[in-house]
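In: Here you go, sequence then predicted model.
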Amino acid sequence: MRVKVCGATQVADVELLAAAGADFVGLWHGVPRGHAELSGSALARLADAARTTGPRPILVTLSSDLDTLGEALARSGIRWVQLHGYQQPAMVRRLKAAHPAVTVVKVLHMRGGECVERALIPSYERAGVDVFLLDALAADGRIGSTALTIEPAAAAAIADRVSRPVMLAGGLTADNSARYRSLTGHPRFYGIDVDSGSRDADGRIDARQVALIRDKWTVVEHA
Ligand SMILES: O=C(O)c1ccccc1N[C@@H]1O[C@H](COP(=O)(O)O)[C@@H](O)[C@H]1O
C-alpha cells in the first residue's frame, strides 16, 4: 500500500509528509489556476526536498504539451508524471518515446459507476502507461478534488480489466478506508492518492491526518 499526498506547495509540506510516512508527494505544474500550482523553480525546489527527505515526487499536470513537460522534467529531475485530465494515448506514446525513464500514471475518470475512458484503456496500455489512477468526475465535468468518492465495485471492475497497477483517488480520508476493503485486497491495487482529506480546516496539509490515513488504510489492506 502506497500513500500519495497531492498538492504540496512548500518545502515544509514535503518534510511533514516525509515524517508522516507518505510514499509520494504530488507537485502540480500545468494546472492553470490550481490551488497548488507551482512555478518551474518552485517545482524544482520541492522535488529536491522530496529526494532529500523521502517521498518520491510526482509531477501532476493537466497539460498535454510535451515541451512544457520536458522542460519541467529536465529542470526538476522528476521521474514520475501523473497525467490528470484528457491526454490521449498518442500523447502518452510521445511522452514515453521522449522520456523512456519516466513512469507515467494516467488518470481514468469515473462517473456514475462508469469509467469515461474505458474504451481507451487498451490503447493507453499499448502507449506505455505504467500505472492507472482512478479519480471521481463530477456530474458537471469538474475534475480533481470533487469531494466525490468512487463506488468500490466500479473501481474493482476497472482493476479487473487493466493489466497495470491501479491507484485510487477521490474523496479519500482516514474514515472511509473500510469501504474499500475488497479493492485494497485486489492483486493490482497499488495505493491511494489524497488531497482534500489530508488537510486541516485552513486547507494546509496536516501531519496528523496523513499519519491517520496511512495507519487506517494499511490496517484495512491487511484485514
Ligand atoms: O483539485 C483539483 O482541482 C485538481 C486539478 C487538476 C488536477 C488534479 C486535481 N486534484 C487531484 O484530484 C485527486 C483527488 O483529490 P481529493 O483527495 O478528492 O481532494 C488528487 O490527485 C488531487 O490532487
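Out: Received the coordinates, thanks. Everything numeric in this text was worked out from a predicted model, so none of it was measured.

In: Report pLDDT for the spatially most central residue of the chain.
Out: Residue closest to the average C-alpha location in the chain (CA atoms, centre = their mean): Asp193, at 5.0 Å. Model confidence at Asp193, given as pLDDT, is 97.

In: and what of Asp135?
Out: Asp135 is assigned a predicted lDDT (pLDDT) of 96.

In: how many neighbours does Ala201 have?
Out: Using other CB atoms under 10 Å, Ala201 is surrounded by 6 other residues. In short, each C-beta sits where N, CA and C put it, glycine included.

In: Which element, helix or strand, includes it?
Out: Per DSSP states H and E: Ala201 is located in neither a helix nor a strand.

In: neighbours around Pro32, how many?
Out: Counted with other CB under 10 Å, the burial measure for Pro32 works out to 7 neighbours.

In: go on, the one 5 residues further on?
Out: Neighbour count of Glu37, defined by other CB under 10 Å: 18.

In: For beta bridges, what are the partners of it?
Out: Residues in a beta bridge with Glu37, per DSSP bridges, are Trp28.

In: That one contacts Gly26, correct?
Out: No - using CB atoms under 8 Å as the test, Glu37 is too far from Gly26 to be in contact (11.9 Å).

In: Would you point out which residue of this structure is nearest the ligand?
Out: The nearest approach of the chain to the ligand comes at Gly144, 2.3 Å away (CB to the nearest ligand atom).

In: State the distance from that residue to Pro122.
Out: Distance from Gly144 to Pro122, counting by CB to CB, to the nearest Å: 25 Å.

In: Neighbour count: these two, which is higher?
Out: A count of neighbours by other CB under 10 Å puts Gly144 above the other of Gly144 and Pro122, at 24 against 13.

In: Tell me, how many residues neighbour the residue nearest to Val11 when sequence neighbours are not counted?
Out: Closest residue in space to Val11, ignoring its immediate chain neighbours: Ala49 at 4.5 Å, by CB to CB, 6 or more residues apart in numbering. Ala49 is flanked by 22 other residues according to other CB under 10 Å.

In: Quick check, pLDDT for Ala49.
Out: Checking the pLDDT column for Ala49, the value is 98.

In: measure stretch 104-123 end to end?
Out: Taking CA to CA, to the nearest Å as the measure, stretch 104-123 stretches 14 Å from start to finish.

In: before we move on, what about stretch 128-140?
Out: Distance across stretch 128-140, first residue to last, is 30 Å (CA to CA).
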